[in-house]
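1. sequence plus the predicted model coming up.
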Amino acid sequence: MDVCVVGAGPAGLTLAIGLRRLGLRVRIVDRATAAAREVRPLVLWARAREALDALGVGAVLRRHGREADAVTIHARDRFLGELTTGWALSAHARPLAVARHDVERLLREELARLGTRVEWSAELTGVEVHEDRAAFTLRHGDGRVEAAAAPWIVGCEGVSSVVRDRLGIPFESRPGVGLLVAQGAARPGRPPGERPGGGRLFLAPHRSLLVLPRPGGDLRFFCFLDGPGTAPAAAPSRAELRDLVADTLRVPGLRLLTTDRAGQDRDRPGDRIAARLRHGRALLAGGAAHAWDRAAGHGVNLGILGAHNLAWKLAAVHRGQAGEGLLDTYSDEQRRMAVRYVRAMRFDFMERPLPPLGHRAFTAAVPGALPRRGFRRRPDPRPGHRGGALSWHLAAPYHRAGPRAGDRMPDVRVAAAGPVARRIHDLLGYGRWTLVLRAGRAEPALVDALRRECARFPAPVRILPVTPRDGIEAGRLGHPGLLCLVRPDGYVGLVAPLARPALLGAYLAALGHARTDRSPGPRGNLSTPRRVIPPGVYRGGVP
């Protein structure tokens, strides 16, 4: 094997699929005796859906879920308005509500089609990192202890990560003071709210209630309470869940029939981020790298994005197409993105109970705020990798249109190698870099110069001349005198003048020479040392 993945959750399975699609041999182990059967909801947002679509599993997930078009907002029994989704310019603009066990099952099936199956009842008990390999021990369900080694090991086994613990990596945390989450699945006597088929949010002093539909007709309730103390160990009873829902909705005598007792739990969420995500030949991803518990599911989504980011980088380093410093950029980018998500979600009105005065002020402002784009996009933050070591923005200051280095490449409709307009995301490839430029500026001599620069880079680079479908799409693509070098995971690595192919060569040369732990200097080289988030900063708050 080339890589041992520890943990068969969404992040571990996504990582294994990405590595297999790039030709690496993968072993994936999990200490559980079998796949989890607990029915818990999961919301896949646009970026995670795009990542899974790039790995070939987007269509099958879409068939097993339901796209949420809107969430109605209520102040107890008073309708305030409707929070619409689908504002994002993406093929997957709407969030997809799907059961988590279905996501894991479909990912396992896709991984099996690629020739790798999950090894259950295989518990990691120790790991040692050497210069050229990671040695580890596994305890199997029959009591057998196995000593093994692989060039790389990745811990994806959640908050109780053995890989992270054995390597002594701190899991820096900030407890969710004053927030308690009680959740459960039930079938009410009558559907709360005015839209039986959509999501509903009910706001009340010191609490909020999020109600999401599930396949089969029952509902999932998430009640966020503002209160001191620690989370009780026991899951909420049906009577307690009924009283919480009835008091929030002001529906006395509400009847709730519990349909999934195993899916009820109670938690006091906290924000946790590992001090670093790489220790030589060992790496962390998913819940082992960062975790926070919220109903919107952004922790799982960010784990999927991290696995999608890590797989192509790990494959490039293992094949000798880039230096090991490329893996340090994964650690910096993923920690930076996790901190930004945590910062954004602390102000998420869906999951932040307010005192009576704040509740009255907020509910009075909601009807006027709902049409505003910034308010509608708050439940789905989309930070990118601007300012990271792989993001070189070398365009002139007056070229303000289009993507910046570190942004997700916009899903512009373009014509490429034919008259039919296609989404640019469909033209990118996970196994290669893509150099996007305007077809009208792709003169043969210039394309030859760009091709010569790309030929010096050991990884494949596709030169893609495109023509935007109309003026609006052209504005989203940016100035026609610029080129965009898109990473395998769909983020822009370089924005530079099309007439200066040497800048492309400098970027690719730096990428291949292992000095990617430095940010670009004023002349486009990797000369200025930089650390994005130093270990120890995330203690007790967001930097």
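-> Now that the structure is in, tell me what you want to look at.
2. drop to CA atoms for contacts and neighbour counts, all remaining ones
-> Will do.
3. and the helices in this protein?
-> 10-21, 46-54, 58-63, 100-113, 162-166, 238-249, 298-318, 325-345, 356-369, 373-376, 444-455, 471-477, 501-512 (DSSP state H).
4. just name the most buried of these.
-> helix 10-21 (a mean of 27; mean count of other CA atoms under 10 Å).
5. who are the packing partners of that helix?
-> strand 3-6, strand 26-29, helix 100-113, helix 298-318 (3 or more CA pairs under 8 Å, 6 or more residues apart in numbering; DSSP states H and E).
6. I'd like the average pLDDT over stretch 133-146.
-> Averaging the model's pLDDT scores along stretch 133-146 yields 96.
7. now do the buried residues in it.
-> Neighbour-count burial for stretch 133-146, counted by 16 or more other CA atoms under 10 Å, picks out R133, A134, A135, F136, T137, L138, R139, H140.
8. now the fifth one: closest residue in space that isn't a chain neighbour?
-> By the measure of CA to CA, 6 or more residues apart in numbering, the closest residue to T137 outside its immediate chain neighbours is A147, 4.5 Å from it.
9. what's the neighbour count on the one you found?
-> Close neighbours of A147, defined as other CA atoms under 10 Å, add up to 11.
10. quick check: it vs A134, distance?
-> Between A147 and A134 the distance is 11 Å, computed by CA to CA, to the nearest Å.
11. so what's the nearest residue to A401 once chain neighbours are set aside up against?
-> Sequence neighbours aside, G478 is the residue nearest to A401 in space, at 4.8 Å (criterion: CA to CA, 6+ apart). Applying CA atoms under 8 Å, 6 or more residues apart in numbering to G478 gives the contacts H399, R400, A401, G402, P403.
12. and if we set it to 7 Å?
-> A401, G402, P403 (CA atoms under 7 Å, 6 or more residues apart in numbering).
13. from C484, how far off is it?
-> Distance, G478 to C484, by CA to CA: 9 Å.
14. got it, and R432?
-> 14 Å.
15. so which of these two has more stuff around it?
-> Neighbour totals were compared for R432 and C484, and C484 leads with 28 against 18 (other CA under 10 Å).
16. among the helices and strands packed on helix 10-21, which comes closest to A288?
-> Closest to A288 of the helices and strands packed on helix 10-21 is helix 298-318 (CA to CA; 9.2 Å).
17. give me the residues contacting the closest one.
-> 10-11, 14-15, 18-19, 22, 24, 44-45, 48, 51, 285-287, 291-293, 322-324, 326-327, 330, 334, 488-489.
18. of all the contacts of G478, which comes closest to R456?
-> Nearest to R456 among the contacts of G478: P403, at 25.9 Å, using CA to CA.
19. check contacts around that closest one.
-> Contacts for P403 (CA under 7 Å, 6+ apart) come out as M409, L477, G478.
20. check the gap between the last one and L314 for me.
-> For G478, the distance to L314 under the criterion CA to CA works out to 31 Å.
21. now do the strands in the stretch 401-543 of the chain.
-> Along the stretch 401-543 of the chain, the segments classed as strands by DSSP state E, counting those that start in this stretch run 413-415, 421-423, 433-438, 461-468, 482-486, 492-497, 518-519, 528-529.
22. would you mind putting those strands into a markdown table with mean pLDDT and distance to R200 alongside?
-> Shown next, in a markdown table, are the strands of the stretch 401-543 of the chain (pLDDT from 0 to 100; distance: least, CA to CA, whole Å):
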| stretch | mean pLDDT | distance to R200 |
| --- | --- | --- |
| strand 413-415 | 89 | 34 |
| strand 421-423 | 87 | 33 |
| strand 433-438 | 96 | 41 |
| strand 461-468 | 94 | 39 |
| strand 482-486 | 96 | 38 |
| strand 492-497 | 96 | 36 |
| strand 518-519 | 38 | 45 |
| strand 528-529 | 33 | 48 |
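23. how about these in CSV, adding distance to M1?
-> As requested, those are exported to CSV (distance: least, CA to CA, whole Å):
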stretch, distance to M1
strand 413-415, 40
strand 421-423, 36
strand 433-438, 25
strand 461-468, 27
strand 482-486, 29
strand 492-497, 30
strand 518-519, 31
strand 528-529, 35
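24. closest to I273 out of those?
-> Taking the strands of the stretch 401-543 of the chain one by one with CA to CA, strand 518-519 is closest: 22.5 Å.
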